[in-house]
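Undergrad: Quick one, structure for this:
(chains A and B)
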Amino acid sequence: MMKRKHRRLVALLIGLTALAGAAALVLTAFQENIMLFYSPSDLAERPPQGARSFRMGGLVEEGSLRRLDGGLTVEFRITDLAESVPVTYTGILPDLFREGQGVVAEGVLNGAGVFEAREVLAKHDETYMPPEVAAALKAAGQWQGQDGQGEDAAEKSGGGSAQ
Amino acid sequence: MIPEIGHFALILALLVALAQGTVPMLGAARGRADWMALAGPTAVLQLVLMLTAFLALMQAYVVSDFTVLNVAQNSHTSKPLIYKISGVWGNHEGSMLLWILILALFGAAVALFGGNLPATLKARVLAVQAWIAIGFLLFTILTSNPFERLLPAPENGGDLNPLLQDPGLAFHPPMLYTGYVGFSIAFSFAIAALIEGKVDAAWARWVRPWTLVAWCFLTAGIALGSWWAYYELGWGGWWFWDPVENVSFMPWLMGTALLHTAVVVEKRDALKVWTILLAILTFSLSLIGTFIVRSGLLTSVHAFANDPERGLFILLLLCLTIGGSLALFAVRAPALKSGGLFHPISREGALVLNNLLLATACATVFLGTLYPLFLEALGGDKVSVGAPYFNATFLPIMAPLVVAMAIGPLLPWKRADLPGALGRLKVAALLTLLAALMAVYLQRGGPLVAWLGMALAAWLFAGALTEWAGRIKLFRAPLSESWRRAGRLPRSAYGMTLAHAGLAVVIAGITASAAWQGEVVRIMKPGDIAELGGYSYRLEGVETHRGPNYTSDTASFTVLRDGREVTVLTPEKRIYDVQRRQTTEAAIHSTGLADLYAVIGDADGRGGWTVRIYHEPLVPWIWAGALIMVAGGAVSLSDRRLRVGAPTRRRKTAAAPA
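TA: As a prediction, this is how the structure comes out:
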């Protein structure tokens, strides 16, 4: 049987090691995996350095959506009504993807200034504007909608649509 | 009229809770038996009143009473009855009502089945339950009244979000809430113990079954939620590390830790202070989970500010509950005498390790989930923390936990012989190696972690069986002797074996789905064939159907293996009439070893359709494993219930070996 003090010391040491390990894990993971959000205007002002992926959000520009040859790749523009950025995406668009609707895309900017989206997220609620998009529109001085819409429906739809 | 009765019942419930929260507490402090005796009847009355309120709202939904604002916003006459009923908790106000109803249910259960509890402890526990109820009732009545009238009434309602019109999701919130709220009992017991200044084996015997009930429901609720995401969202994924998922996962992690330390308190009279802290933290995380999802706080800090009244109330309530209980803990915990000593290498030591790892894992999830919020609140950048972060932090912490999970149960209490325990795991080690080799062989270009995950699953599964085999002396004694021992093994032992083996099955499913999921996205015309995972999918055609409150484009795939028909998959794309929303209904055929999963997308206007087909190996195991875990909990509970009525007798027997 160990002495109580000794036992506590061992427990403390193990605890601290675990904590330090976890902290190291968290810090490196944060460094590598945090994604910044850009609006089209942000992108025009200070484009991100390097090939890091990021999120971009805004409205899908009216009349910009078209399918490229083969049909699986789509091309559209995301706009905050001040600036707009061309986007390409290969795959099935989410249920609520519509021209004129809010959207957030995740991906990288290629050399030609085209945003290559790996994922396109549209919230599963038509009255709902992704908060980043609403803020981006406000920042660009183009906001007309009202706040706080669809609060309840948005919460649950976040359940999986967000990735 | 009926909504008014509901509203009135809600206000009465608040008054009853006020009485329940004060009189018995004072009675316990002054030793007045008659004051303490008030706790039981008020708790039952509370349940009756909440049930009245809840049924009143349900009645409004069932008859589509659109003079009630809540019904008008969230229901529609054309909705099937089951979704009218589930619509009651498909919105903020109604879900709060359900939350308090479950709270009252647990309170009444303690009052009714707590005959053997010491009178002061029972009075205090029920009083603390009442405090929680007061907070929630005030919140509901003042900021989220579900019975608010809307005059003149609209002709029809706004309907429930079609995504929520699904049997899986109809029962997901009640399960989840029962889990969340179930932890309130552990919390109330913890607070009562702090006030009382006493934690003993009898206390732990009381806390454990309640925690176990909560844990079972939470496990089932989370599994149900992820199953829903899997088949309803049509992305072929089942867990996205989305904040909404994370907030339900955090209390689960903490609750699991609590479940394990409660055993130590019960059996060895040690780790008391830590157990109390865990009980407080688990329930705090449940509260955060409830509020964060319901308030819209998660999507953005700004969404939170949209309803300042509600937001402020929530913040205040969280600060009061969490801050208050932690402050009480800081003041009173040092007075709790710590009990049995143990060597680090022992059953207790293993459970401490379990707790450290679970708590650490929970902390990393907490950081990743709330960091973007803190950053935004402080005026920093808008960032998002996605799945890669959680995979990079959570998984490395869980891996050693799983390794230890196979060893821990083999260690005796107080002081153990680690080489001896490892020696018993030789067969398990062999099986682990075999599983790893098989994974490498089957891998064909999958990631490295695949064989590691499979090895862990095999290790845990074999370890759980080894422990069980050891207990019944399988192959070491005659079979008849083993059979007799198996029959006499306590149910809680079976519970543990089941729960651990269930987790092993879950891990195998997670690993396989992460490593070997196959996907085809392409345009198909009727008659086209897509090949995936050894199966051929032939698109027969797409037809338009009419459902009760939607129209759907239904595709039909014939799935063939070696030229023979396996099944027909009919994925749908639905447009719901009222909200004009589109939902994707995946078609899934499970072979037990894999799911064949098909989704239909848009028409390309030239006779073709975008389709997405997934081959999901072992994914059904994830839910099968979760079900085994819940079954383990239930089996263990059936053991507890038989013995829980005898804490006094138990104390005598516990004293002897200690």
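
Undergrad: Could you list the domains of chain A?
TA: As given by automatic domain parsing, the domain ranges for chain A are A:1-32, A:37-161.

Undergrad: Would you single out the least confident of those domains?
TA: Lowest mean pLDDT of the domains of chain A: domain A:37-161, a mean of 73.

Undergrad: taking the mean pLDDT, what do you get for stretch B:177-188?
TA: The model assigns stretch B:177-188 a mean pLDDT of 95.

Undergrad: hang on, I meant stretch B:311-323
TA: Per-residue pLDDT over stretch B:311-323 has a mean of 86.

Undergrad: Tell me how far that stretch lies from the chain's centre.
TA: The chain centre lies 23 Å from the centre of stretch B:311-323; the measure is CA atoms, centre = their mean, to the nearest Å.

Undergrad: ok, and for that stretch, which residues are buried?
TA: B:311, B:313-314, B:317-318, B:321-322 (16 or more other CB atoms under 10 Å in any protein chain shown). To be clear about C-beta, it is placed using only N, CA and C from the backbone, and glycine gets the same treatment.

Undergrad: Kindly report the same for stretch B:393-406.
TA: Neighbour-count burial for stretch B:393-406, with 16+ other CB under 10 Å as criterion, is recorded at B:393-395, B:397-399, B:401-406.

Undergrad: now that stretch: mean pLDDT?
TA: On average, the pLDDT along stretch B:393-406 is 93.

Undergrad: do stretch B:226-240 as well
TA: Here the average pLDDT along stretch B:226-240 is 84.

Undergrad: Can you give the distance of that stretch from its chain's centre?
TA: 16 Å.

Undergrad: what's the longest helix along chain A packed up against?
TA: If you go by DSSP state H, chain A has its longest helix at helix A:4-33. Contact here means 3 or more CB pairs under 8 Å, 6 or more residues apart in numbering or on different chains; DSSP states H and E; on that basis helix A:4-33 packs against helix B:347-377, helix B:387-407.

Undergrad: check contacts around the residue most central in space within chain B.
TA: Geometric centre of chain B, nearest residue: B:Leu218, 2.4 Å, by CA atoms, centre = their mean. Going by CB atoms under 8 Å, 6 or more residues apart in numbering or on different chains, B:Leu218 touches B:175-176, B:178-180, B:182, B:248, B:251-252, B:255.

Undergrad: ok, the residues you listed vs B:Val273, which is closest?
TA: B:Gly255 (18.1 Å; CB to CB).

Undergrad: For B:Val88, see how far away that closest one is.
TA: Separation of B:Gly255 from B:Val88 (CB to CB, to the nearest Å) stands at 26 Å.

Undergrad: Does A:Pro94 lie in a helix or a strand, and which?
TA: Using DSSP states H and E, A:Pro94 is not contained in any helix or strand.

Undergrad: Pick out the most distant pair among the buried residues of stretch B:393-406.
TA: The widest separation within the buried residues of stretch B:393-406 (CB to CB) is 22.9 Å, between B:Thr393 and B:Ala406.

Undergrad: so where do the strands sit in chain B?
TA: B:383-385, B:518-524, B:529-532, B:535-546, B:550-561, B:564-569, B:572-576, B:582-585, B:587-590, B:594-603, B:609-617 (DSSP state E).

Undergrad: for chain A, same thing?
TA: Using DSSP E, strands in chain A cover A:34-38, A:54-60, A:66-67, A:73-79, A:84-90, A:102-109, A:115-121.

Undergrad: just those: most buried one?
TA: Highest mean neighbour count among the strands of chain A (mean count of other CB atoms under 10 Å in any protein chain shown): strand A:54-60, with a mean of 25.

Undergrad: how distant is that one from the center of its chain?
TA: With CA atoms, centre = their mean, you get 8 Å for strand A:54-60.

Undergrad: for stretch B:67-81, same thing?
TA: 28 Å.

Undergrad: Identify the residues contacting that stretch?
TA: Counting by CB under 8 Å, 6+ apart, A:152, B:3, B:57, B:60-62, B:64-66, B:84, B:87, B:90-91, B:93-94, B:146-151, B:153-154, B:156-160, B:165, B:548-549, B:577-578 sit against stretch B:67-81.

Undergrad: if we can go back for a sec, would JSON lines of the buried residues of stretch B:393-406 with distance to B:Ser284 be doable?
TA: JSON lines is the format used below for the buried residues of stretch B:393-406 (distance: CB to CB, whole Å):
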{"residue": "B:Thr393", "distance to B:Ser284": "21"}
{"residue": "B:Phe394", "distance to B:Ser284": "20"}
{"residue": "B:Leu395", "distance to B:Ser284": "25"}
{"residue": "B:Ile397", "distance to B:Ser284": "21"}
{"residue": "B:Met398", "distance to B:Ser284": "22"}
{"residue": "B:Ala399", "distance to B:Ser284": "27"}
{"residue": "B:Leu401", "distance to B:Ser284": "22"}
{"residue": "B:Val402", "distance to B:Ser284": "26"}
{"residue": "B:Val403", "distance to B:Ser284": "29"}
{"residue": "B:Ala404", "distance to B:Ser284": "26"}
{"residue": "B:Met405", "distance to B:Ser284": "26"}
{"residue": "B:Ala406", "distance to B:Ser284": "31"}
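
Undergrad: and chain A, which of the residues you listed contact it?
TA: B:393, B:397 (CB under 8 Å from any CB of the partner chain).

Undergrad: Nearest to chain A among the buried residues of stretch B:393-406?
TA: B:Thr393 (4.6 Å; CB to the nearest CB).
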